[in-house]
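*Asks:* below is the sequence, then the predicted model.
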Amino acid sequence: MSRYFSDQCNLTGVWENDLGSQMTFSKVDKEGLLTGSYQTAVSVSGDPVNTSPLVGYQQKNNQNADGPTFGFTVKWASTATTTSFGGQCFVDQNGKEVLKTMWLLRDHAEKYNEDWKATRVGTNVFTRAAKR
């Protein structure tokens, strides 16, 4: 069972998933507003994607149990696509912070009858990126 500790699960910082994508929460204000950027390591086209802005909210957790829930949206800089993430921070049995997320990606559909293929859903697990 994971436990949340007051000095952990502060979302500010750089996080990386198993695919090598990095997100940076540069600020979490007192109301829970998240701002930052996302650099994906994957794309459907295979072309590099520019670092893109993200904005969202973190819910405060007052029960000192598992870590905060949060949600944010990435406005992709070089495509007509947006992705929304929802997740929660956990501290695993080894004391490591883990962000478990689910995402919903919406691509631009060229035609009304092509709408069916414009939405994808998936999951990512992020850990703090190693300092370089």
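*Replies:* That came through fine. Owing to the predicted nature of the structure, the values given are computational and were not obtained by experimental measurement.
*Asks:* residue farthest from the centroid of the chain?
*Replies:* N113 (30.1 Å; C-alpha atoms, centre = their mean).
*Asks:* wasn't that residue part of a strand?
*Replies:* No: for N113, which was evaluated using DSSP: H, G, I helix; E, B strand; the rest coil, the result is helix, with no strand membership.
*Asks:* who touches the residue most central in space within the chain in this structure?
*Replies:* The residue lying closest to the centre of the chain (C-alpha atoms, centre = their mean) is F85, at 5.4 Å. Listed by C-beta atoms under 8 Å, 6 or more residues apart in numbering, the contact set of F85 reads 56, 71-74, 101-103, 124. Placement of C-beta: from N, CA and C, glycine included.
*Asks:* sitting in helices, which of the residues you listed do you find?
*Replies:* Using DSSP state H, no member of those falls within helices.
*Asks:* now list the buried members of those.
*Replies:* Of all the contacts of F85 considered here, the ones buried according to neighbour count by 16 or more other C-beta atoms under 10 Å are 56, 72-74, 101, 103, 124.
*Asks:* tell me who's in contact with T81.
*Replies:* Each residue near T81 by C-beta under 8 Å, 6+ apart is listed here: 105-108.
*Asks:* cool, and V55?
*Replies:* The contact partners of V55, by C-beta under 8 Å, 6+ apart, come to 33-35, 72-73, 75.
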